[in-house]
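J.: Fold the following.
(chains A and B)
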Amino acid sequence: MDKTILRGKAWVFGDDIDTDLIYHNKYLAETDPKNMPQYSFEYLPGKENFAKEVKEGDFVVAGTNFGCGSSREHAVYCLKYAGVPVILAESFSRIYYRNAINNGYPVLFVKGLSQAIKDGKIKDGDELEVNLLKGEIKDVTSGNTFHGDAVADLEKDIMKAGGLIEYLKEKAAKK
Amino acid sequence: MGKTMIEKIMKRAAGREVNVGERVWCKIDLSTARDFGGANCVLQFEEVTDKKGKVWDPDKVAFTFDLQAPSHSEKVSTNQKIIRDFAKKQGIKKVFDINWGIGQHVMLENGLVKPGDVILGTDSHMNLLGAVGAFATGVGNTDIVASWFEGTNWFRVPETMKITVNGSFKKGVCMRDLLTSIVGTLHADGMFFLSVEFYGDTIEKSSLADRITLCSMVTEMSGKIGLIMPNGKVLDWLVERAGKEVLERVSSLAADPDAVYCQELEFNVNDLEPMTSCPDAPDNVKKVREVAGAHVDQVHIGSCSNGRFEDITAAFEVLKAANFRIAPGIRAIITPSTREVMLQCAEAGYIQKFLEAGVVFTNPTCALCTAEHYGALPSGDVGMSTTNRNFIGKVGKGSHTYLASPMTAMATAVRGVVTDPRDILG
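T.: Okay, the predicted model is just below:
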């Protein structure tokens, strides 16, 4: 199967999901990113089982301002190393957005997603098909389709390099 | 076309003209990390440079220990040691260990922050340094590590919102109440990606402590930075700490009169009342009197938002008006933001009075912004705090928190239930 088309189950969240709900401050002292997925969403009522039940390839689907709050990069690592291939949200909080891009971790901006979530047009457990190249998101369960925009500008170049450190290393090597 | 403050700051840091919306590489004046995130930065830097990397300028790197100071877990103690060892290896002298206090405040007091500086830190409330016109921002460890290579990092030049505040606060009302009211009006994404400039007579006559309160909470509205150009006593204070270069920065980086703003808002504080962020979000705002009488188990005064001497003085005045008595059974904790603030409190005679009243007065640290610090709340308990976030379970699973001013917090400690400070101050 084409690697640009991903299939997985949706984990659906609302607006303003803050970093304490994604990765609680209780576990900030953790320094190994690979240990972080076990704490994902532990403090978010209704999603306490995420860490145990998430499967590689599942998607995180959210409304506006995903990742607001703290600067902790843990909140990106805990999803990246859980095998969530891309985060789909209407919008991302500034620092969360930077942290994702700087790690070469894909995010898609999906217009209207916040309302679609509220209207139940995309629900927990729905089977999604995501075409990363076209930005097309098919909810196979509900039959609804959404369009997501990938990052542009400098962020696109950083993503292409695989992250900010890799981007800077490439830049330095070219000098 | 005139330029806003952030456009001028980024122009200076990028060494070229900049336009809103474009990405620019800025020179970093100070790249800092705390005991939270700091060890992650060090380990990542060592990994990606095969332990051979050198930070670009040891004088422009600083470490602060404030998340857990002193540490009370072996894991955090180890993280702090990782930072100390790295600083030694790299020749980094600016290490503010467990005896200093909250990082941004300590750096400010030690003259490391000037208007127009571009500062990074592993703390989402770094941007409170906008209180003296610096562009400081919280970032993750990768951003810090990247900045250590060549002392640069990338930014999007943001649009700017202008907020003008006029009027005088009535007794029992303060800057925190204005801020809470703004958060309630604009909500969690009301300043999304924006730079915000504050003007008006209320701002011009405000103390540094008040400006810190205001700028620290820009984060809670998803803003990039809140900026106030120093004037009056704040300017004198800053010149004394950071040197005369501050004056040149103030004149060259102030916004032009014809600067272009994406949004302009005006507030008047003459009739403002004490406000509170109710559980479980900073933008769930009500007047204190609307929730007066609600049960509270613990009160906390401190944090990077409201832990200055002026904040603790305001709380002291409320306690004094109540004949230095707090309600039986309530747990009240005061945490000064820095050692300097704690010394001021000692010299003013506050600490003895607080202790006699049964208040816990702690060493300077971040305290109750995390569940891993002293004062964590058990499930079912309700706290009132002057910190900046009350997300669900933030300081303990199953607990809930009201955010309010130091005056409202102390009034609540006095009565044992949510209390409008005007009921005590008269």
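
J.: make it CA atoms for all contacts and neighbour counts henceforth
T.: Will do.

J.: Please tell me I have it right and B:P158 contacts B:G21.
T.: Yes. Between B:P158 and B:G21 there is a contact under CA atoms under 8 Å: 6.1 Å.

J.: Which one's more surrounded, the two?
T.: Shown here are B:P158 and B:G21; by other CA atoms under 10 Å in any protein chain shown, B:P158 has more neighbours (24 against 11).

J.: Look up how far B:L343 lies from the residue lying closest to B:P70 once chain neighbours are set aside.
T.: Using CA to CA, 6 or more residues apart in numbering or on different chains and skipping the chain neighbours, the partner closest in space to B:P70 is B:I98 (5.5 Å). With distances taken as CA to CA, to the nearest Å, B:I98 is found 16 Å from B:L343.

J.: do the same with B:V234
T.: Taken as CA to CA, the span from B:V234 to B:L343 is 20 Å.

J.: so what's B:K8 closest to, chain neighbours aside?
T.: B:L253 (5.7 Å).

J.: Which element is encountered next along the chain beyond the longest strand seen in chain A?
T.: In chain A, taking DSSP state E as the definition, the longest strand is strand A:5-12. Later in the chain than strand A:5-12, the nearest helix or strand by DSSP states H and E is helix A:19-22.

J.: ok, and what's touching that following helix?
T.: Helix A:19-22 has contacts (CA atoms under 8 Å, 6 or more residues apart in numbering or on different chains) with A:40-44, A:67-70, A:72, A:75, B:391-392, B:394.

J.: What's the first helix or strand after that helix?
T.: Heading C-terminal from helix A:19-22 (DSSP H and E), you reach helix A:50-53.

J.: how about that following helix: buried residues?
T.: A:F50, A:A51 (16 or more other CA atoms under 10 Å in any protein chain shown).

J.: Take that helix, keep the C-alpha atoms, and write them as PDB.
T.: Backbone C-alpha positions of helix A:50-53 (Å, rounded to 0.1, in the frame of the first residue of the first chain) are rendered in PDB as follows:
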ATOM      1  CA  PHE A  50      -5.400   6.100  25.800                       C
ATOM      2  CA  ALA A  51      -1.900   5.000  26.800                       C
ATOM      3  CA  LYS A  52      -2.900   1.400  27.200                       C
ATOM      4  CA  GLU A  53      -5.200   1.100  24.300                       C
END
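
J.: who does A:V130 bridge with?
T.: Under the criterion DSSP bridges, A:V130 forms beta bridges with A:L6, A:I137.

J.: Spell out which residues sit in contact with it, please.
T.: A:T4, A:I5, A:L6, A:R7, A:E136, A:I137, A:K138.

J.: ditto for A:P37
T.: A:A51, A:Y77, A:C78, A:L79, A:Y81, A:A82 are the contacts of A:P37 under CA under 8 Å, 6+ apart.

J.: Tell me which residues are up against stretch B:312-330.
T.: For stretch B:312-330, using CA under 8 Å, 6+ apart, the contacting residues are B:296-299, B:301-302, B:334, B:336, B:345, B:350, B:353-354, B:356-359, B:406-407, B:409-411, B:413-416, B:421, B:424-425.

J.: Generate a ChimeraX selection restricted to the buried subset of those residues.
T.: Buried residues within the contacts of stretch B:312-330, by 16+ other CA under 10 Å, are selected in ChimeraX with:
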select /B:296,297,298,299,301,302,334,336,345,350,354,357,358,359,406,407,409,410,411,413,414,415,416,421,424,425
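
J.: ok so, going back, out of the contacts of A:V130, which is nearest to B:S385?
T.: B:S385 lies nearest to A:I137 out of those, by CA to CA, at 42.6 Å.

J.: confidence score at the closest one?
T.: On pLDDT, A:I137 comes in at 97.

J.: Which among the contacts of A:V130 count as buried?
T.: A:L6, A:R7, A:E136, A:I137, A:K138.

J.: Format these as a markdown table; extra columns: distance to A:D124.
T.: Converted to a markdown table, these look like this (distance: CA to CA, whole Å):
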| residue | distance to A:D124 |
| --- | --- |
| A:L6 | 17 |
| A:R7 | 15 |
| A:E136 | 19 |
| A:I137 | 15 |
| A:K138 | 14 |
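
J.: for the record, mean pLDDT for the helix or strand containing B:V318?
T.: Using DSSP H and E, B:V318 falls within helix B:309-321. Per-residue pLDDT values over helix B:309-321 give a mean of 98.

J.: How is the closest residue to B:V239 other than its chain neighbours assigned, secondary-structure-wise?
T.: For B:V239, ignoring the flanking residues on the chain, the nearest one in space by CA to CA, 6+ apart is B:V246 at 5.9 Å. Put simply, B:V246 is helix when judged by DSSP: H, G, I helix; E, B strand; the rest coil.

J.: per-residue pLDDT, B:V246?
T.: 98.

J.: which non-adjacent residue is nearest B:T276?
T.: Of all residues not flanking B:T276 in the chain, B:A404 sits nearest, at 4.8 Å (CA to CA, 6+ apart).

J.: how much space between that neighbour and A:G8?
T.: Distance, B:A404 to A:G8, using CA to CA: 43 Å.

J.: Mind checking which of those two has more residues around it?
T.: Of the pair B:A404 and A:G8, B:A404 is the one with more neighbours under other CA under 10 Å, namely 31 against 19.

J.: give the contact list for that one.
T.: Residues in contact with B:A404, defined by CA under 8 Å, 6+ apart, are B:R176, B:D177, B:T180, B:M275, B:T276, B:S277, B:M384, B:S385, B:T386.

J.: Quickly note the distance from B:E340 to chain A.
T.: 26 Å (CA to the nearest CA, to the nearest Å).

J.: need the residues of the stretch 51-200 of chain B near chain A, please.
T.: By the rule CA under 8 Å from any CA of the partner chain, the part of the stretch 51-200 of chain B lying against chain A is B:75-76, B:79, B:122-124, B:138-143, B:145-146, B:188-189, B:192-193.

J.: out of the residues you listed, which are buried?
T.: Buried residues within those, counting neighbours by 16+ other CA under 10 Å: B:76, B:79, B:122-124, B:138-143, B:145-146, B:188-189, B:192-193.

J.: Could you list which of these belong to helices?
T.: Counting by DSSP state H, the part of those found in helices is B:V76, B:N79, B:N141, B:T142, B:D143, B:V145, B:A146.
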